[in-house]
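Chemist: Test case, fold it:
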Amino acid sequence: MLNRKSLLNGLVLSATMAISQVATAGSMNLDENMSNLSFVSVKKGTVGEVHAIQKLTGSLSDKGELKISMFLSSVETNIPIRNTRMKRHLFLSEENPLATITANVTGKVPTEAGVSMIETEGELTMRGVTKKVKVNAMVAHTGKELVVSSVKPIIIKADDYGMGDGVKKLQELAKLPSIATAVPVNFSLVFK
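Modeler: Sure, this is the predicted structure:
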């Protein structure tokens, strides 16, 4: 008959083995179906709307190198004509199909089940321009996967990436008095 201490030791050993398998498994890939990236636009000074980039790919190497690719032609605003206009005039997605973010998170991601907060600097490349961005995220290690979610949004300024004229064109086409040129971006990424 197993006593309580033996049972507890067995559970701890099993959990430790599962965790170490994940920690030493090497690279992890982004689960595209479980991950999302959204941003908020504000028009007329007070009307906020949530949009998404629906197609993401990425990986987290065993050396802590994070890379996420965002397919700009997968923008979804829930208004088909606006999707088309954003692809054509804002993102120039035919010429610049991807935006990428890279960061090194060595030593910041938990290697065993648990939760940690990370603050790191990454690089966002969009429309051929690369700028440094601050990433504040919560990382949850479940033993089988990592879930990385923004704690603070990343603020993207259109002019930093040569998109100021695109915002003006969208404003003109939609006959709007204003569209904000800085947008907050949030994410929830699952790696397996």
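Chemist: roughly how far apart are Ala113 and Thr142?
Modeler: 6 Å (Cβ to Cβ, to the nearest Å). Using the backbone N, CA and C atoms, a C-beta is placed for each residue, glycine as well.
Chemist: any shared contact partners between these two?
Modeler: Taking Cβ atoms under 8 Å, 6 or more residues apart in numbering as the criterion, Ala113 and Thr142 do not both touch any residue.
Chemist: Provide a list of residues in contact with Gly114.
Modeler: 140-141.
Chemist: Kindly report the same for the one 10 residues further on.
Modeler: For Leu124, the residues meeting the contact criterion (Cβ under 8 Å, 6+ apart) are 99-101, 130-133, 154, 156.
Chemist: Skipping adjacent residues, who's closest to Glu32 in space?
Modeler: Spatial nearest neighbour of Glu32, excluding adjacent residues (Cβ to Cβ, 6 or more residues apart in numbering): Leu56 at 5.9 Å.
Chemist: how distant is stretch 139-147 from the center of its chain?
Modeler: 15 Å (Cα atoms, centre = their mean, to the nearest Å).
Chemist: Which SSE is immediately downstream of the helix or strand hosting Lys132?
Modeler: Per DSSP states H and E: Lys132 is located in strand 129-141. Next helix or strand after strand 129-141 toward the C-terminus (DSSP H and E): strand 146-152.
Chemist: Which other helices and strands does that following strand contact?
Modeler: Other helices and strands packing on strand 146-152, by 3 or more Cβ pairs under 8 Å, 6 or more residues apart in numbering; DSSP states H and E, are strand 129-141, strand 182-191.
Chemist: Please enumerate residues in contact with the first one?
Modeler: For strand 129-141, the external contacting residues (Cβ under 8 Å, 6+ apart) are 19, 22, 101, 103, 108-124, 146-152, 154, 156, 160-162, 187.
Chemist: Could I have the PyMOL command that selects the buried members from the contacts of Leu124?
Modeler: Selecting only the buried entries of these in PyMOL, with 16 or more other Cβ atoms under 10 Å as the criterion:
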select buried, resi 99+100+101+133+154+156
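Chemist: can you pull out the strands in the protein?
Modeler: Here the chain has its strands, by DSSP state E, at 28-29, 36-43, 47-53, 56-60, 65-71, 75-76, 98-104, 114-126, 129-141, 146-152, 154-157, 182-191.
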